[in-house]
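> here is a sequence with its predicted model. Questions after.
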2 protein chains.
Amino acid sequence: MLEHHTAVDRVFHALGDPVRRALVDRLSRGPASVSELARPFDLTLAAVVQHVQVLEQSGVIRTEKVGRVRTCRLEPEGLAAAESWIAQRRSLWERRFDRLGALLDEEADHDRSAPRPAPAPKKPRRQ
Amino acid sequence: MLEHHTAVDRVFHALGDPVRRALVDRLSRGPASVSELARPFDLTLAAVVQHVQVLEQSGVIRTEKVGRVRTCRLEPEGLAAAESWIAQRRSLWERRFDRLGALLDEEADHDRSAPRPAPAPKKPRRQ
DNA sequence: GTGATGCTCAAGCATGGACTTGAGTATCCG
DNA sequence: CGGATACTCAAGTCCATGCTTGAGCATCAC
């Protein structure tokens, strides 16, 4: 069922794994080779290589091989994609929440004279 | 290998699934019952219920049952946890990047007399 | 009451994906 | 040259997770 079509799909899938998040955390402090990345984990190098591939294909990191060493570094734009996906949903919801608050305030003002007019979702009144 | 100990673990795991992200997207536009959430998907209600449970346990949504209807709404703080995890790593890396840029600039100034202090990579010369 | 709606729960299946092993290749170092 | 390092690749195992089915239970509408 999982088809990681879009960039955002791939980024969230990549960040869904705790090991990969730990790699991102490490790389946020500076570039590292694959074997440096592997060192703290109780994993084979091959396993870490696979995680690195997932991160690279998602655009969260970039790697470059020089000699026999592949150096990995964070690609901030990849992370930014996920960050702003979240931020958009959260702020959309929070704006809605604010509108509702404003609406209720306004309604409270008119309350004594106005009857309940419609069951419809009402006027936004400020965005 | 997966132990979703911390809140952040659970949130990223929850957001790792495209169906659950679609649910979050829907809920960012306003609360909905479980069957409303299920409507757009080619999934059984039971499957959607399971996704809703994962989202709720991760703190990304909150649900409330009244009568026979369970209403789901976004819990912005849950999303904020993931958002700031990302933001911290990204800004840590970007600050490092800026420092490096400044250092290289400074080094370029002294360049004729100064020796190589560190095995630094290339000079990205900031952008 | 009957029937429809909106879930809830338990069991079971099937697949994705995390991980290992084992072998191979290229690079560096002395 | 030879040995060590740093991956790379292919195969295969195994388990978590996504999903379904089928049953059960309130709640609502009539």
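Cool, the structure landed.

> the residue in chain A that DNA strand C sits nearest to and A:Gly30, how far apart?
Relative to DNA strand C, the nearest point of chain A is A:Gly67 (2.2 Å; CB to the nearest atom of the strand). In this view, the C-beta of every residue, glycine as well, is placed from N, C-alpha and C. The gap separating A:Gly67 from A:Gly30 is 19 Å, by CB to CB, to the nearest Å.

> pLDDT-wise, which helix or strand of chain A ranks last?
Within chain A, no helix or strand scores below helix A:76-110, which has a mean of 83 by mean pLDDT, DSSP states H and E.

> please name the nearest non-neighbouring residue to the residue most central in space within chain A.
In chain A, the residue lying closest to the centroid (CA atoms, centre = their mean) is A:Ala82, at 2.7 Å. Spatial nearest neighbour of A:Ala82, chain neighbours left out: A:Val11 (4.6 Å); criterion: CB to CB, 6 or more residues apart in numbering or on different chains.

> isn't the one you found up against A:Gln57?
No: under the criterion of CB atoms under 8 Å, A:Val11 makes no contact with A:Gln57, lying 10.0 Å away.

> pretty sure A:Ser40 sits in a helix.
I think there's a mix-up here, since residue A:40 is Pro and not Ser. No: applying DSSP: H, G, I helix; E, B strand; the rest coil, one finds A:Pro40 to be coil, outside a helix.

> state the phi and psi torsions of it.
As for A:Pro40, its main-chain torsions (degrees, to the nearest 10) stand at phi -70, psi -10.

> residues contacting it?
By CB atoms under 8 Å, 6 or more residues apart in numbering or on different chains, the contact list for A:Pro40 reads A:Ala22, A:Arg26.

> quick one on the thing from earlier: where does the residue nearest to A:Ala82 fall, secondary structure wise?
Taking DSSP states H and E as the criterion, A:Val11 maps to helix A:7-15.

> what's the distance between A:Arg95 and B:Glu64?
A:Arg95 is 22 Å from B:Glu64, where distance means CB to CB.

> and the two? which has more neighbours close in?
Neighbour count, other CB atoms under 10 Å in any protein chain shown: between A:Arg95 and B:Glu64, A:Arg95 has more, with 14 against 10.

> so who does the residue nearest to the centre of chain A touch?
Counting by CB under 8 Å, 6+ apart, A:Ala82 makes contact with A:Val8, A:Val11, A:Phe12, A:Leu15, B:Ala82, B:Ile86.
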